[in-house]
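Student: Sequence and computational prediction follow.
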Amino acid sequence: MCLSCSENIIDKSTTSFILFANIDIYLKNSTGENILGSDKYPENSIRVRYLVGGKDLGYGYNTPGAILDNPGGFFLGILSANEKGKGMRVFLNSDSSEEYPITYIHWNSTETDTIKTKYRRTSNSIVLEKLWLNDVLVWRVEVEGQTGSTITIVK
């Protein structure tokens, strides 16, 4: 066994990093049925894009050549035991050059939703504070009793 002591204590608040820049989305029809993966919203037609400096960019734009776990900027799967069917976790645009970063979700060749976000930033964290879907505020961290980062889009 080897032990060591040091007077040089590391301040964990300056060495760790917190990134909370994603949202779980459920796509449903007006009767509450999950329609993600249906004929109208097939999984292989979904595209996530970012607006940065007036340019339409894909996920990973700032890490060219990187091998990404979710190169499309999202993944589909069972996200909650409380929900029936698949959900979609979207990795949102968090580019620090944008005051309100924009993420586009292209569901198919004709339908696109726009997500605008506001983040709280410190030297070691990025935390989602507010989220607008098509210019309507639909999620904010200040809502009492709100749990998780989930929204439902009705089509």
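Tutor: It's in.

Student: tell me which element I25 is part of?
Tutor: Using DSSP states H and E, I25 falls within strand 22-28.

Student: downstream neighbour of that strand in the secondary structure list?
Tutor: Downstream of strand 22-28 (by DSSP H and E), the next one is strand 47-52.

Student: contacts for the strand holding I25?
Tutor: 34-36, 41, 79-80, 83, 85, 87-92, 105, 107, 115, 128, 131, 139, 148-155 (Cβ atoms under 8 Å, 6 or more residues apart in numbering). To be clear about C-beta, it is placed using only N, CA and C from the backbone, and glycine gets the same treatment.

Student: The residue most central in space within the chain and T114, how far apart?
Tutor: Residue closest to the average C-alpha location in the chain (Cα atoms, centre = their mean): N22, at 2.3 Å. Distance of N22 to T114, given as Cβ to Cβ, to the nearest Å: 17 Å.

Student: Show me which positions of the biggest strand by length in the chain end up buried.
Tutor: Ranked by residue count under DSSP state E, the longest strand found in the chain is strand 112-122. Using 16 or more other Cβ atoms under 10 Å as the test for burial, strand 112-122 gives I115, K116, T117, Y119.

Student: ok, now stretch 90-110?
Tutor: For stretch 90-110, a neighbour-count test (16+ other Cβ under 10 Å) marks 90-95, 98, 101-105, 107 as buried.
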